[in-house]
Structures are given as structure tokens and as C-alpha cells.
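Visitor: This is a predicted model, with the sequence first.
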Amino acid sequence: MGLYTEMFLTFAKIGSFTIGGGYAMIQMMEKEVVEKKQWLDHEEFMDTLVVAQSTPGLFAIDMASHIGLKLKGIKGGIVAALATALPSIFAILLIALFFQTFKDNVYVEKIFMGVRPCVVALILAPCFNMAKKAKINRQNWWIPLASALLIAAFGVSPIWCILAAGIGGFIYGRLKK
């Protein structure tokens with residue numbers, strides 16, 4: 001099997017079996033790309049994660065396209081992005097066909113009420129894993145906390161937090177030398 005086919009099948013699987021959007025995909029994507037396929041190491045994956053978060057567009061597709069680009073150039077980026085998006089597109093089309101029929105069904109409503117907390121857990125689990133891998137410690141724990149507070153409580157754009165952290169990290173690195 002060629003790398004394009006392997007990439008397509010891997011990212012289609014990730015796109016098919018993760019519920020909750022891009023952030024819920026992080027854990028599965030890391031398991032496939034870093035642990036199973038060994039296309040990237042953990043540090044490269046974290047760097048890709050940071051770049052994907054800071055670029056416009058859908059996070060999961062940004063991640064996939066960056067990984068595909070690294071592996072096989074522009075064609076690889078396109079293959080990975082399409083493979084990640086296609087399962088969602090098909091699912092949305094299928095839901096759209098039947099939504100009007102089932103939207104007021106009490107059982108469907110209860111299913112969605114049960115799935116919501118699970119989706120929150122799917123998003124939180126990668127956050128804790130990323131915190132461990134990002135080497136959050138006693139000296140820098142305040143940075144993600146302050147960023148989350150600024151974004152959630154004061155409506156500060158995440159871009160400003162990323163820029164401030166990047167500039168702060170650069171200055172700290174220069175001063176440390």
C-alpha cells in the first residue's frame with residue numbers, strides 16, 4: 001500500500017470515528033500518527049498542533065493538512081485534509097436528509113443530552129495530555145490558566161494570547177542565554 005493510500009485511510013478513520021470535532025480528534029490523531037505509524041514524533045506533533053491552532057480554518061483539517069504536507073508535500077496535505085473531511089460531509093448530508101423527521105423525537109433528544117457530556121470529556125482528555133507533553137510545570141502553569149481566563153472571562157481573542165506567549169517565550173529564551 002502506498003503512503004497516499006495509507007494516509008487517506010488513516011485520516012478517514014480518524015474523521016469517521018471521532019465525535020466532538022477537531023479537539024476531540026487530537027488523542028486519536030496522536031495515537032495513529034505518532035504511536036502507530038510513527039510519521040511524527042511527539043515534539044513534531046505538538047509543534048503541528050500549535051501551528052494548526054494558530055492558522056485559520058477547521059482545526060482537524062488544519063492538523064491533517066499540516067501532517068500530510070510534512071509527509072508528502074502539497075498533494076499529501078490535500079489527501080489528508082480530504083480524508084479527514086469526507087466522513088463528516090457524508091454524515092452531515094445523511095443527517096440533513098432525516099433531521100426534519102426526527103428533530104422533535106423525544107428519544108433522539110435524550111440521546112443528544114447523553115452524548116454532550118461525553119463530548120466534553122473527549123475534548124478535556126487531550127487537554128490534560130497536551131499539558132503533560134507541553135511540560136507545564138510549577139514555573140509556567142500560570143500561562144495556560146491566564147490565557148484561558150482572558151479568553152473565557154474577558155473575551156480576549158486567542159490570537160492575542162498566542163502572540164503574547166510566543167513573544168514572552170522568545171524574550172525569556174533570549175534572557176536565559
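Guide: In hand now; what should we look at? Owing to the predicted nature of the structure, the values given are computational and were not obtained by experimental measurement.
Visitor: same question for whichever helix in the chain runs longest, mean pLDDT?
Guide: Secondary structure of the chain per DSSP state H: the longest helix is helix 59-102. For helix 59-102, mean pLDDT rounds to 91.
Visitor: immediately after it, which helix or strand?
Guide: Elements were assigned by DSSP states H and E; along the chain past helix 59-102, the next helix or strand is helix 106-133.
Visitor: what angle separates that next one from helix 59-102?
Guide: 170 degrees (axes from the mean of the first three to the mean of the last three Cα atoms, to 10 degrees).
Visitor: just checking, what packs against whichever helix or strand comes after helix 106-133?
Guide: Later in the chain than helix 106-133, the nearest helix or strand by DSSP H and E is helix 142-154. Secondary-structure packing of helix 142-154 (3 or more Cβ pairs under 8 Å, 6 or more residues apart in numbering; DSSP states H and E): helix 158-176. The way it works is simple: take the backbone N, C-alpha and C, and place the C-beta from them, glycine included.
Visitor: Which other helices and strands does the helix it packs on contact?
Guide: Against helix 158-176 (3+ Cβ pairs under 8 Å, 6+ apart) you get helix 42-54, helix 142-154.
Visitor: right, and those helices - which one's nearest residue 104?
Guide: Within those, the stretch nearest residue 104 is helix 142-154; the backing value is 32.9 Å (Cβ to Cβ).
Visitor: Could you give me the buried positions within that closest one?
Guide: For helix 142-154, burial by neighbour count (16 or more other Cβ atoms under 10 Å) applies to 143, 144, 147, 150.
Visitor: for stretch 164-177, same thing?
Guide: residue 165.
Visitor: returning to that earlier point: so the longest helix of the chain versus helix 42-54, what angle?
Guide: 60 degrees.
Visitor: Let me know the average pLDDT across stretch 169-177.
Guide: 88.
Visitor: Distance from it to the middle of the chain?
Guide: 28 Å (Cα atoms, centre = their mean, to the nearest Å).
Visitor: same thing with stretch 69-77?
Guide: For stretch 69-77, the distance to the chain centre is 18 Å (Cα atoms, centre = their mean).
Visitor: CA atoms of that stretch as PDB?
Guide: The C-alpha trace of stretch 69-77 is given here as PDB (Å, rounded to 0.1, in the frame of the first residue of the first chain):
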ATOM      1  CA  LEU A  69       2.200  18.300   3.900                       C
ATOM      2  CA  LYS A  70       5.100  17.200   6.000                       C
ATOM      3  CA  LEU A  71       4.900  13.600   4.800                       C
ATOM      4  CA  LYS A  72       4.200  14.100   1.000                       C
ATOM      5  CA  GLY A  73       4.100  17.800   0.200                       C
ATOM      6  CA  ILE A  74       1.100  19.700  -1.100                       C
ATOM      7  CA  LYS A  75      -0.600  16.500  -2.500                       C
ATOM      8  CA  GLY A  76      -0.200  14.800   0.800                       C
ATOM      9  CA  GLY A  77      -1.800  17.800   2.600                       C
END
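Visitor: Many thanks, I have nothing further to ask.
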